[in-house]
Each structure stands twice: as structure tokens, then as C-alpha cells.
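> here you go, sequence then predicted model.
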Amino acid sequence: MKLSPGTRLGPYEITAAIGAGGMGEVYKARDTRLDRTVAIKVLPLDGGADPALRTRFEREARAISALDHPNICVLHDVGHEGDVDYLVMQYLDGETLAARLARGPLSLAEALYHATEIAAALDRAHRAGILHRDLKPGNVMLTKSGARETSARLLDFGLAKFAAEERGPALNVQATVTSALTEKGTILGTLLYMSPEQLEGRELDARSDIFSFGTLLYEMVTGTRAFDGVSQASIIGAILERDPPPMTSRTPLTPPALERVVRKCLAKDPDRRWQSAADLRDELAWIAQASGTELEPSGIAPRPTRLSLPAVATGLLLLGLTAASAWMLGRRQNDVLPPAWHLGIAVPDGTALTPGGIAVSPDGRVVVYAGSPASGGEAHRPSVAVSAGRLYVRRFNSLESTPLPGTEGARAPFFSPDGLSIGFFTDVALMRVSLLGGPPVRLTGVPPVTRGATWLPNDTIVLTPTQSTGLFRLPPGAEGAEPLTTPDIAQGEKGHMWPSALPGGDDVLYTIRRGASDGDDGDIAVVHVSTGERTLILKGATHAQYSSTGHLLFVRGGNLMAVPFDLADRKIHGTPLPVVDNVSTHSWIGGAHYAVASDGTMIFMRGAFGDVRTSAVWMDRSGKPVATPGFTQNQPGKPRISPDGKRALFDGRSADGDTEIYMADLVRGTAVRFSADPRDDFNPIWTADGARVIWTALPAGRMPFLVWRSADGTGATEEIVSQPDFAQFAGSVSPSGILAYSQTKGAGRCDIWVVPLKGERKAQPFIQGAANEYGPEFSPDGKWIAYVSQEAGSSDVYVVPYPGPGGKLRVTSDGGVAPAWSRDGKELFYQTPAGLMSVAVSAGPDPQLGVPRLLFGGSFVRFSREDGPREYDVAPGGDRFLMLKAEQKVAAIPPSLNVIFNWAAEMTDRGARR
């Protein structure tokens, strides 16, 4: 039964039926109080008693009323009359997009304009925690809009999920589809435009709407549906299994950049789509501006110069970015700043951004970033800024990113002053690679906990070896770095990090760490490289960089901020204002993912990285779990089983943010903190008799050094061997009491040293080569040391007699790390990306090695550095392994890579432009 003209719902008088929306019938009505025309949406009378239907109706009311955007239909009122619930909405005079598409595709200019409007509306809804879930041409109204012929309005949130009603205004992406069909057989969401996860009834987030948006945009440009079929089954099969034909096959002049945008929207895997409607909106705005389409919706400023649509759209898109850079480079000091220009950078298919850092060349034409396989690759410990992938380069005269050969495992990239080379860190070295070609070149060795670097005009590199030391400088051609700054422990300084050069080449910004390594508790200072003179610039800030616009950029509270900064007096002038909210940071190291070029180009990541969470498990030799150790410390790492098999050591995160040593009782299933000093303590091992515990201590202002203490917790913690200029990492102890450990000086090469724990304790080098050697492990009889070396170019396991003489034996030929002996010495274990490997070892003065075989694989942590932090251990009987199981936690809003050309223009309206 429908409402007839003249029916009254409160003060509203029905004048005509309009149609039906996703959850109700729509009527044209007159507001008798204000004498205006409105649209009224009511529940169907035959479903008014359905509690679930009523609940969804009320949810729609709350959802729409929370939104205020020029491209979203306005909700005026909510009412109840008898058995009828109704909404009173703005009456829109126009036609639906579905009606418009019935006459054929939109022009490119129309499609881009309206698509940008719709994306802006979705962004507003998503930021309010609302998913539309029924985006289709029938839910977009094209209305008259001032000077423009039409404007798009998004309506009918009949399936919207008010996801943030219990968690506040932040976006909550836990909306789910509980059933593909309602009782009446009506699909929740229109089938032709539903995402794969919506069809399968999986959890939905904003990226489901982005898929639906892609189908909408495809149809706007081509006039045909992206997915179609003769039956529901065939349509579902098309959405789940096939890609639509290229838009160029139906609309030949479709710009390649627009084709790429739609393809990314329609990715089956949500992780490979655009991660936010804001990024999608900015990308469409850029394409529209490059093609000469005038944009004004939702605060998207048009470019001041109109460009004509070229015959070949690709040529214009490739030239646009280069032109923008030249445009801004050519402006004079007193020129009016042109508007900022936003662009999202797409990563290659099958690639995910990793917390390995980003950089932009000084001229703003090249971006480098870290990425890894989207499947996640192997698991790594989150306690270090680890990238399991490689570096990618995106030149702004190209639409594609390309991998940089030889940069596997790279992190923290930075450019040379001429922009022709990139410096970066690996697990064990500081490297340099030319963008003109050729393999990476090793500059010096580094510890595994580096915290950034910057390249000065005289080719000196300023770097941070660890989060608890000062800055070091590496002169050109030098093998090792020398100290530049020392933290003032008395003033609460715990380390100096994230150096960034100022113009002129003799001054460097850096962060003073005062709290936990992952917090905002830091200050910004500048050091004069020639004299070492230090000046405090700003309190309560981290990760500073200077912009040629005259601003100091920094991070505070997860936001990228800017404040005017005078190079002459080294002082800030004015009030800091936000530039980018929710800039990506790495939760364990405090680094922020942004960079700025001298031409005003800023790149940044927005969103969160998913952490790898670890837990300890017992596995048998076939890879089957046999038990749990019974302790649940936060992020356990580097487990070591006692000689009697009753206890285990591991390191983990404490409540105050430090890494500490813990001891677990494997019989009772309990664990207690073993280390007691206010510093980072990690990588514990047992002495051969189990009487003492040795580990690496990392206090503020010092390189990592070795300490030990009685295993029963009595007595003081004692430094084993005093070598303040060296970083030391425990390996293992022989039955006769010889400690083998890895040692590196500053940012130099890593070697293996030994020291007797009885008597004088005089340390001596044991293995010193041109390459890095680390992770020494004594055999149970103390006659052999297994270790890892990079002498062959990759990390491989070797065995050498101790104390010699005798040649070394190469255990692996295609890579291997983290060696460990069985307690009877008849087996040697190590890890590869495939899993845990085993090699039989025959007894005798000249042992023979068997053929390596895989015991088991799985998502276990594999993380070996020159400090030897083996992330597993072998039970005394050799029948069980204490492994760290890794679980990737996906972020609600994964990181996206973005560019702002001429970022300072956005500060004009905020009062920050000088």
C-alpha cells in the first residue's frame, strides 16, 4: 500500500510518489511550516513491524544526520506517525546517474568532475565512520548547480553502517554483512556494484565502497557495466574471478592514468586498492586538472592555468609533474604561491609499503620508498626498523615505480646532494647506489639499530648507529665513522637520532630522544658539524626537516607540523600548525615517513603499518605444535633454553617502553623480569653450566656492551670487557668458559671476538675478514664455532675449528642464518626463508657435513644480525624447538604514499606562510 497525495505525516503533506530507495519508498512532499518542497522516505507499510528493518531505518537516520557535505543529500528531520517512520530530506531537482547513463556514457570532463565529487562525499562519510555499502548509479543524483550544468549528490545510505557509534568519531572498519540476502530475498547492496568481500559476507571497511566506486566510474566513462551477466551466479562469478575489459577498448581516449585508477579500485584484494577515498579524490583531481577539467568541489582548488586536452592523454600526464616542478622552481621570493597539488603514488601490483622509510631527491623529481610483497613475506621482529623488501624508485616523468636492483632488505634511504645517488642501510652496512646504474657499494658497517642519516655537500655522511648513542660522521673514503655528538645524560638525553642537513652543509638538525624510543618525548636541536656546537630549537617534537619555504617541519602527536624558521638566527618564529594528520610512523623507533625537496615537493605516507605480533610455541621435528611454553610476555624474542631444559631466557618489551631480559620457568609456566637497570637489555644467553646469564646492555650515550649476572638473580650486574668504542653482542659460551661474541666499532665492520670468562678476561679477535662475520655458536665440545659470514656476497653459515688451526667449512651455499648446535653436537640447525634446516655432523677431528634438509617451514620469526639474535632454540633432547610464531596484524587504514607539490600554499589560509 502506497501513500496517496494529500496524506499527512506530521507537518508534511505528500504530493507525489518519486520512487523507492534501498530501504524505503520516497515521496515528494510539502513542508507546511516552512512552505518548502522536501523529499520524504518511509518504510514500506508491509514491513513496518519488522524490528530489523526498523533498526536499519533508524540507523540510516543517524548516519545521514552525522554528515554535512555539499555532495551528500541533506537530512532535515526524522519523524514517526502511527506505524510509519520517515526521514525528511532535501528535495533534489534533477535525475539519477542511472537515468543519465541510460542515454550513454558521460564525457571525460563530466565523468572526472562527478567522480571527484562522489569521492569527496565518500571521504567525508568514511571519516565519520560511515560506510555507504550500496553505491550505485541509482544512488547518485545529478542536480542543477550554479554555473555548472550539474552537480552530484550522494544519497540513500539505506545500508550505511554507523560503525563508530561505540568508539567515537574515529573511523571504525568492523562493519560486516551478516547475510547476502534478507528474508524477502532482497540483496543488501546492489549485486552489480558489490565488492567481492561484500558478496562473500566478509568484514567490510571503506575499501569496499572504493570497489563499488570503481564500478561506478567504469560505467560513467564507458557507458557499460564493469561486471555483468545473465544470472546472479554469472555476475557473482565475474566480480569474484574476472577483470572487466580495459576502458580504452570501449572509450579509446581514456587517459592511461584514469585506467590505472579504476583498475586499482577494482582489485579483488582490498589491500591492493586505493586505501582511502581522500587519496582517490586527489588522484582524480590531478587527472582532471591535467586534462583541462575545471574542478571546484569539496575544497579542491583548480590550477590557475587551463590546459587543453591533448590528443594523447599519456603525454600530458607524464609531462604534468615535471612541469609542476619547473613551475615552482622558477617562482621568485615575492611571487604569489600557486595552489598546492596533491597526488597519490601507486605502488606496483603485488607490493605493499613497509616501514623502511622514504626520500625525495633535492630537485623533487624522484621518490624512493621501501616495499615488500603484499603477501607479507617472511616474518621479522618489529623491534628494529626492518624492511623485508627492497627500494623502489618513482620518477615523476614516469607513471610506474621500478625496483632498485641490489637493495633487498634496505631501509632508511636518503639522497646525495646532487640527487644522483641514494644511500641506505641494510642489516649490516651503510650502502650507496647510483641512479645512473651499477651495483650498490658498501660504505661502512653499521649495527642493526641505526636511526637515519643525511648526506652533506662535502660528501660527509652524518648517521646514528643506535638509538642510544649520539650522531656519528663518516668522512668521504673513511672505513669507520667518528662521534659527532654525545647525549647529555645528566640532562635526560637518551640518544640523538634522525639527522637532516640544513642549507649550507655545515649544520644538521637532529632529534634528542628523552623517553621511550617510540614516543613523542623528544626535542629538536641543530649541531654545527665543524665545531660540534649544539643549539636547542624546539621542545616536544621529533624527526625535523627544513623546507626551503622557510619552515621547520616536524612530527608531534602523530601529525606533521610546520613552523616558520629563520636560518640566520636558528630560531622559530610563529605558532606551529598541522600540515598532514596521521602521518605514518614506525611504532618501535619513532621515525616518521615524510620528506621534503628544495622545490617545495613533499612526500609522505599516511596510515598505519601492521605490526608483527610474536608468541612462543614448541614445535616437534615435523613442524607440529606440541605445547606452549606457558609464558606470555609482550613480544618475546631471542629465546634461550637453559642447559637443564627447565628455564628459558628471552627479551621483551616492558611497561615503561624499554626492552628487558626475562626468565621463564618452563615447568611452572611463569616468567619474571631478570634485568633491572633503566635501559634497553636484550639478546640473553646462558653460560655452559647455566650458572650465569650474559646479555647486551644499551644505556643512553654508549655503544651496546656485554654484561653478566648470576642466574639466580643475586649479585650485581657486571660489565664483562670494557671497550667503550665497540658495540658488542653475545654469541655463546664454550664448556671451558670462553665467550664468543660479535663486535663492531662505531659504524665499522663486524668481526668475531673471544674472551675467557675466568681470570684476566682479555679479549682477542678470532675471525677478522673483509666481510661481516657474526652470530658465533660454540659446538657442545667447544672445538668448533659455527657463524654467519657475508664473504660470498650473501649471508651463509660456516664452521671453523677452535682455537685452530684449520680451514673453515661452508655449511650453506644458497643462504642461511642463525646457526645452532644440537646438544650432542651431531646436528647443526639454521634458518632460511623456507624454514628450519638441519645438517648432520659426523664426529672426529675432521667432521663431515651431510646434505641440508628442511625440517619444517611456517610463519616463524627469522631475524639474524651481527648481534646474533637467533630467534629460536633447541631443546636438550633435540626433539623440540622453541620457536617464535609470527602473526601479521593488518592496520585498519594501511599506509598510502602521497605527494603534495608546493605544500606551503596550503599553509596560507592557516596563517603559517611567511
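Structure received. Residues are numbered from 1 along each chain as shown.

> strands along the stretch 51-200 of the chain, start to end?
75-81, 84-90, 94-96, 130-131, 140-145, 148-154, 161-162 (DSSP state E, counting those that start in this stretch).

> so which of these is the most surrounded?
For the strands of the stretch 51-200 of the chain, the largest average neighbour count (mean count of other CB atoms under 10 Å) is found in strand 130-131, namely a mean of 28. For glycine as for every other residue, the C-beta is placed from the backbone atoms N, C-alpha and C.

> what helices and strands are in contact with that one?
strand 161-162, helix 206-222 (3 or more CB pairs under 8 Å, 6 or more residues apart in numbering; DSSP states H and E).

> most centrally placed residue in the chain?
When CA atoms, centre = their mean is applied to the chain, the residue found nearest the centroid is F609 (3.4 Å).

> not counting its neighbours along the chain, what's nearest it?
Nearest non-adjacent residue to F609, counting by CB to CB, 6 or more residues apart in numbering: P355, 4.8 Å away.

> what number of residues lie near the one you found?
P355 has 25 neighbours, counted by other CB atoms under 10 Å.

> measure it to A592 for me?
10 Å (CB to CB, to the nearest Å).

> which residues do these two both contact?
S584 (CB atoms under 8 Å, 6 or more residues apart in numbering).

> quick revisit: might one say that the residue nearest to the centre of the chain is in contact with V583?
No - F609 is beyond contact range of V583, at 12.0 Å (criterion: CB atoms under 8 Å).

> quick revisit: dump the strands of the stretch 51-200 of the chain into a markdown table; add distance to C265 and mean pLDDT as well.
Below are these laid out as a markdown table (distance: least, CB to CB, whole Å; pLDDT from 0 to 100):
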| stretch | distance to C265 | mean pLDDT |
| --- | --- | --- |
| strand 75-81 | 28 | 82 |
| strand 84-90 | 28 | 84 |
| strand 94-96 | 21 | 89 |
| strand 130-131 | 15 | 84 |
| strand 140-145 | 16 | 83 |
| strand 148-154 | 16 | 79 |
| strand 161-162 | 20 | 40 |
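
> of all those strands, which lies closest to W286?
Checking the strands of the stretch 51-200 of the chain against W286 by CB to CB gives strand 148-154 as the closest, at 18.8 Å.

> what's in contact with that closest one?
Contacts of strand 148-154 (CB under 8 Å, 6+ apart): 70-73, 92, 94, 97, 110, 113-114, 117-118, 121-122, 125, 132, 135, 139-145, 296-297.

> and it with strand 84-90, angle?
150 degrees (axes from the mean of the first three to the mean of the last three CA atoms, to 10 degrees).

> which stretch in the helices and strands packed on strand 130-131 has the least confidence?
Mean pLDDT per stretch puts strand 161-162 lowest among these, at a mean of 40.

> quick one: the strands in the stretch 601-750 of the chain?
601-606, 612-620, 625-627, 637-641, 647-653, 659-665, 670-673, 680-686, 692-698, 705-710, 718-719, 726-733, 738-745, 750-756.

> of the contacts of strand 148-154, which belong to helices?
L97, E110, Y113, H114, E117, I118, A121, L122, A125 (DSSP state H).

> any idea how far the last one lies from F213?
If you measure A125 against F213 using CB to CB, the figure is 12 Å.

> do the same with the third one
For Y113, the distance to F213 under the criterion CB to CB works out to 15 Å.

> so is the residue lying closest to L199 once chain neighbours are set aside in a helix, a strand, or just coil?
Using CB to CB, 6+ apart and skipping the chain neighbours, the partner closest in space to L199 is I236 (5.6 Å). At I236, secondary structure determined by DSSP: H, G, I helix; E, B strand; the rest coil is helix.

> and this protein, what are its domain boundaries?
8-90, 94-309, 327-610+892-910, 613-888 (automatic domain parsing).

> determine how far the third one lies from the middle of the whole chain.
In this view, domain 327-610+892-910 has its centroid 15 Å away from the chain centroid, taken as CA atoms, centre = their mean, to the nearest Å.

> now the helices for the stretch 251-400 of the chain?
For the stretch 251-400 of the chain, the helices defined by DSSP state H, counting those that start in this stretch cover 256-265, 277-290, 313-329.

> pick out the shakiest of these, pLDDT-wise.
helix 313-329 (a mean of 34).

> any low-confidence regions in the stretch 801-914 of the chain?
For the stretch 801-914 of the chain, applying pLDDT under 70 flags the ranges 862-868, 888-894, 908-914.

> at 80 what do you get?
843-847, 859, 861-869, 886-895, 905-914 (pLDDT under 80).

> going along the chain, name the helices of the stretch 451-600 of the chain.
So, for the stretch 451-600 of the chain - with DSSP H, counting those that start in this stretch - there are no helices.

> so where's it shaky on pLDDT?
Within the stretch 451-600 of the chain, the ranges that satisfy pLDDT under 80 run 466-468, 479-480, 515-521, 586-591, 599.

> ranges for the strands of it?
453-455, 461-463, 472-474, 482-483, 495-501, 507-513, 522-528, 534-539, 542-547, 551-556, 559-566, 571-572, 577-580, 594-596.

> so what does the second one touch, helix or strand wise?
With contacts defined as 3+ CB pairs under 8 Å, 6+ apart, the packing partners of strand 461-463 are strand 453-455, strand 472-474, strand 495-501.

> OK, contacts around P803?
V754, F766.

> ok so, going back, in JSON lines: the strands of the stretch 601-750 of the chain, plus distance to L536 and mean pLDDT.
Putting the strands of the stretch 601-750 of the chain into JSON lines (distance: least, CB to CB, whole Å; pLDDT from 0 to 100) gives the following:
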{"stretch": "strand 601-606", "distance to L536": "25", "mean pLDDT": "90"}
{"stretch": "strand 612-620", "distance to L536": "36", "mean pLDDT": "84"}
{"stretch": "strand 625-627", "distance to L536": "53", "mean pLDDT": "85"}
{"stretch": "strand 637-641", "distance to L536": "35", "mean pLDDT": "92"}
{"stretch": "strand 647-653", "distance to L536": "30", "mean pLDDT": "89"}
{"stretch": "strand 659-665", "distance to L536": "28", "mean pLDDT": "90"}
{"stretch": "strand 670-673", "distance to L536": "35", "mean pLDDT": "88"}
{"stretch": "strand 680-686", "distance to L536": "25", "mean pLDDT": "91"}
{"stretch": "strand 692-698", "distance to L536": "24", "mean pLDDT": "93"}
{"stretch": "strand 705-710", "distance to L536": "29", "mean pLDDT": "94"}
{"stretch": "strand 718-719", "distance to L536": "32", "mean pLDDT": "93"}
{"stretch": "strand 726-733", "distance to L536": "28", "mean pLDDT": "90"}
{"stretch": "strand 738-745", "distance to L536": "30", "mean pLDDT": "88"}
{"stretch": "strand 750-756", "distance to L536": "34", "mean pLDDT": "92"}
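
> re the thing from before, for T426, which of the strands of the stretch 51-200 of the chain is the nearest?
strand 130-131 (41.5 Å).

> and the closest one, which strands flank it?
The strands that strand 130-131 pairs with in its sheet are strand 161-162 (antiparallel) (by DSSP bridges).

> now R709. Nearest residue, chain neighbours left out?
Nearest to R709 is T717, by CB to CB, 6+ apart, at 4.7 Å.

> hang on, F729 packs against F682?
No - using CB under 8 Å as the test, F729 is too far from F682 to be in contact (9.0 Å).

> what do these two both touch?
T696, P869.

> was I right about G492 contacting R514?
Yes - using CB under 8 Å, G492 is in contact with R514, at 5.3 Å.

> okay, these two: which has more neighbours?
R514 (20 against 14).

> contacting residues for the closest residue to the more buried one other than its chain neighbours?
Nearest residue to R514, sequence neighbours excluded (CB to CB, 6+ apart): D521, at 4.8 Å. D521 is in contact with R513, R514, G515, G540, counting by CB under 8 Å, 6+ apart.
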